[in-house]
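# no sequence for this one, just the structure:
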């Protein structure tokens, strides 16, 4: 759904209302590493720096349980 979209903003990073419309960024783990949760970062207007987005993709932060 829209909440999981991570890509792609305009390459200039200046479009204030940029819409993410694809999910192409993922976190991979092995069988013994378990995901506890994940969230997108860099998606709020307040995340912009100098009027530009930090990247053309949203970031993905994950919490993993290690063996």
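Yes, it's here. Note that the coordinates shown come from a computational prediction; the quantities given were computed from them, not determined experimentally.
# tell me the contacts of residue 6?
The contact partners of residue 6, by CB atoms under 8 Å, 6 or more residues apart in numbering, come to 20, 22, 23, 24, 25, 40, 57, 58, 60. Yep, even glycine has a C-beta here, placed from its N, CA and C like the rest.
# mind listing the strands for the protein?
Remark: strands assigned in the chain by DSSP state E are 34-41, 59-65.
# For the ones you listed, could you give me a markdown table that also reports mean pLDDT and distance to residue 8?
Shown next, in a markdown table, are the strands of the chain (pLDDT from 0 to 100; distance: least, CB to CB, whole Å):
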| stretch | mean pLDDT | distance to residue 8 |
| --- | --- | --- |
| strand 34-41 | 92 | 13 |
| strand 59-65 | 95 | 13 |
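# Quick one: closest of those to residue 11.
strand 59-65 (17.2 Å; CB to CB).
# Distance from stretch 19-31 to the middle of the chain?
Its chain's C-alpha centre and that of stretch 19-31 lie 8 Å apart, by CA atoms, centre = their mean, to the nearest Å.
# In it, which residues are buried?
Residues of stretch 19-31 classed as buried by neighbour count (16 or more other CB atoms under 10 Å): 20, 23, 25.
# still on that earlier bit, can you redo the strands of the chain as a markdown table with distance to residue 15 and mean neighbour count?
Shown next, in a markdown table, are the strands of the chain (distance: least, CB to CB, whole Å; neighbours: other CB atoms under 10 Å):
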| stretch | distance to residue 15 | mean neighbour count |
| --- | --- | --- |
| strand 34-41 | 17 | 12 |
| strand 59-65 | 18 | 12 |
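# quick one, what contacts residue 66?
Residue 66 makes contacts with residue 33, as judged by CB under 8 Å, 6+ apart.
# Check the gap between it and residue 39 for me.
Going from residue 66 to residue 39 by CB to CB, to the nearest Å gives 19 Å.
# closest to residue 44 among the buried residues of stretch 19-31?
Distance ranking of the buried residues of stretch 19-31 against residue 44, using CB to CB, places residue 20 first at 12.1 Å.
# Good, wrapping up.
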